[in-house]
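**Q** Below: sequence and its predicted model.
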Amino acid sequence: MTKPAIAAEHVSKIYRRFAHRNQLRTLKSALLTGSVLADLKPEETFTALEDVSFEVRPGSTFAVIGENGSGKSTLLKLVAGITRPTRGRLGVAGRVSALIELGAGFHPEISGRENVAINAMMLGLTRKELERQYDAIVDFAELRDFIEAPVKTYSSGMYMRLGFAVAIHVDPDVLLIDEVLAVGDEAFTRKCLDKIAEFRRRGKTILFVTHSLGLVDKMCDDVLWLSHGRTHGHGEPKRVVDEYLTYVAGGEEALLRSRGASQDTTSPGPAPSPGATGSYQPGRWGSREVEIRAVRLLDARERERHVFVPGETLQLVLSVAAQQPVEDFVFGIGLFAADGTCIYGTNTDLEEFVPRRLSGETEVRIALEGLSLVEGTYFVDLAAHKRDGTPYDYLRGQHSFRVKSRVKDVGLYRPLHQWSFGGGALLDAPAKRGELEL
Amino acid sequence: MISAIRALVRYRALVLSLVSRELKARYRGSMLGFLWSFVNPLLLLLTYTLVFTVILPNKQPDIQPFFLFLFCGILPWTWFQASLAESAGVLISSANLIKKVLFPAEVLPTVCVLANLTHFLLGLPILIAVLAFERKLAWTALLLPLPILVQLVLTLGLALFLSALTVHFRDIQNILGHVLQVWFFATPVVYSYAQVAEATPLRRLLRLNPMTHVIVMYQQMLFHGNIDHWRGLALALLVGVVAFAVGAFLFDRLRDTLAEEV
């Protein structure tokens, strides 16, 4: 078996929590034991990474995903050699170049040319290699006309381009990328991705940290998922990304659920005319002669859910109770986008149901089949009122659900659709996508 | 110590580029530009000459003309002092670099020392021209590389030491100015070493100060034209090598903490 390009064995990284306290003590331990942490108590430290192990095969592309604060960037700095692990071992074979911050160390007062030279040498290029690569760097950055101007006159886009161009031309064996492709315009991002793809073709090893799961799916051979500094998943991209999405969705579930619960007690507000457009203020009002006691959002299999994928069935189940039997009643629902745009509204009266009698406690259910919405958060209005609109119980924006999708289409409404192409239009089918199963 | 030297040699191209960047960037946009390298020591010289020939005249016969004697000491002292003052803060002001790019950080204080060495070397021809004009120049000036080398080793050692330590104790940046001020007066720059009576505590203190011997050497080579202070210079070299070893050791030991603490 070949030697791994990057090997991490039980790597932990602990930071001091308070930067400028206990200086003397930490300095003493730094000098005596080589660690700034030896004399610190646990409450003075912060564990950014704990017992992380992985190997990256030479020539493979390895992604690290995770929420903010999960330790991704710490890991990258360790691999880059900028900081060292507190415990464990981390080995990297070959020259490393880290795209951690593009153009770090550019001096604003001097020309692009001199900055390229200094930056490249800092990243480990010799003067000879620099001479060979210089033209390629300038051309890649598309800054031939400005290269003699001081860097302080550059736009931020030019700055980034030059930084990226230098870092990528260091021609490392291992390239580390930290979410830097988020900068720059579309065309340059594409160019960077092409360059990275070329890297892969040439059998170089890439480790990158990203939030762009689409990119992970497309480019990576292996994914490490960090959560709170620990390995939460590791392996084949599609599986790990799906697990991750499910996990993130789970977090949102909990969030939406708690939000729904905390707003149930909102006192009845003034009664605006239901169905009015304009500002969407959550609230609840009505006489409560008929009361909506509980609302559940279910999927087709009767499981309570708050996150759905397009095309699924969403059932809204209302538990209603009439204090006195009534004969004039209408049930209605409304769907609103996060910005308050009304997407859809209907009620039993509009659909020409004729009310006869409502008494005691009962259940009202509406099933929305084939949820035709794009990704986003949606609010639900639920109401019981008289035929003339006088509300019994009107719940505005008290319940919400989220639609998650890996297709980033836009708008609100997603019609069921199908592409087909004539023989003259050649397209590859999308990579096996498979909507995420919740 | 060996590894520090090796790193500096390996990254010498970077060091040199950074020094030239430092020099270019410093004066870019100013009207006098590069002339500041000459104007700065001249203005300093003017101030001290005014104080010690008009206000508090130093009439010691063997150091006349006084301004010339002063010039011989103040030029290397300025190199020493500016190097230390700058390197104390250099790691902190380059925090962004240290946190984001992997390179040997000892490059940074070294660049401070070398950039100021360049200023010193640029000022030296003026000094030599004035000496020649006053018919003071002797063959001993050819030996100048010796005290320069000793001073370089000493200054580098102290710069490494201070730069790494300041990351942990920011107070150093504040107190350093005062220490250097005292150190300046504890070095025979505005007075001569011979002026301080033998066997006094002050003399003993002066002898302990490695910069005394370096400065005296400059004065003997440039101003007096006869040299009898070799033992002093050897002592300064010894102190310099020890300072470099200690500085490099401390820097290396604190290296891993730099990226986290700056």
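**A** That came through, no problem.
**Q** So the residue positioned nearest the centre of chain A versus residue B:255, what's the distance?
**A** Note on chain A: the residue nearest the mean C-alpha position is residue A:211, at 5.2 Å, using Cα atoms, centre = their mean. Using Cβ to Cβ, to the nearest Å, residue A:211 is found at 32 Å from residue B:255. Every residue, glycine included, has its C-beta placed from N, CA and C.
**Q** if we can go back for a sec, give the contact list for the residue nearest to the centre of chain A.
**A** Residue A:211 makes contact with A:65, A:179, according to Cβ atoms under 8 Å, 6 or more residues apart in numbering or on different chains.
**Q** Could you look up the SS state of it?
**A** coil (DSSP: H, G, I helix; E, B strand; the rest coil).
**Q** same check, this time on residue A:381
**A** Once three-state DSSP is applied, residue A:381 turns out strand.
**Q** How about it, nearest residue that isn't a chain neighbour?
**A** residue A:334 (3.5 Å; Cβ to Cβ, 6 or more residues apart in numbering or on different chains).
**Q** pretty sure the one you found is touching residue A:340, no?
**A** No. Between residue A:334 and residue A:340 there is no contact under Cβ atoms under 8 Å: 11.0 Å.
**Q** quick one: which of those two has more around it?
**A** Just comparing residue A:334 and residue A:340: by other Cβ atoms under 10 Å in any protein chain shown the higher neighbour count belongs to residue A:334, 20 against 13.
**Q** Wasn't that one part of a strand?
**A** Yes. Read with three-state DSSP, residue A:334 is one of the residues of a strand.
**Q** Identify the bridge partners of it.
**A** Beta-bridge pairing for residue A:334 (DSSP bridges): residue A:345, residue A:381.
**Q** which residues sit in contact with it?
**A** Counted by Cβ under 8 Å, 6+ apart, residue A:334 has contacts A:275, A:342, A:344, A:345, A:380, A:381, A:383.
**Q** now the helices for chain B?
**A** With DSSP state H, the ranges of helices along chain B come out as B:2-10, B:12-27, B:36-50, B:66-93, B:95-100, B:107-133, B:145-168, B:171-185, B:201-208, B:210-219, B:230-261.
**Q** what comes into contact with stretch A:231-246?
**A** By Cβ under 8 Å, 6+ apart, stretch A:231-246 touches A:51-54, A:63, A:65-66, A:213, A:216-217, A:220-226, A:247, A:404, A:406, A:432, A:434, A:436-438.
**Q** Recalculate using a threshold of 6 Å.
**A** Stretch A:231-246 is contacted from outside by A:52, A:65, A:213, A:216, A:217, A:220, A:223, A:224, A:225, A:436, using Cβ atoms under 6 Å, 6 or more residues apart in numbering or on different chains.
**Q** And those, which is the shakiest by pLDDT?
**A** pLDDT across the contacts of stretch A:231-246 is lowest for residue A:436, at 48.
**Q** In the stretch 201-350 of chain A, what residue comes closest to chain B?
**A** The stretch 201-350 of chain A approaches chain B most closely through residue A:209 (13.9 Å), counting by Cβ to the nearest Cβ.
**Q** isn't that residue right next to residue A:178, touching?
**A** Yes. Here residue A:209 lies in contact with residue A:178, judged by Cβ atoms under 6 Å, at a distance of 5.0 Å.
**Q** So for the residue nearest to residue B:235 when sequence neighbours are not counted, what pLDDT did the model give?
**A** In space, and not counting its chain neighbours, residue B:235 is closest to residue B:213: 5.9 Å by Cβ to Cβ, 6+ apart. Note for residue B:213: predicted pLDDT of 95.
**Q** since we're on residue 242, how many residues are nearby?
**A** Unless you meant another one, I'm taking chain A. Counted with other Cβ under 10 Å, residue A:242 comes out at 18.
**Q** That was the other one, I meant chain B.
**A** Neighbour tally, residue B:242, other Cβ under 10 Å: 14.
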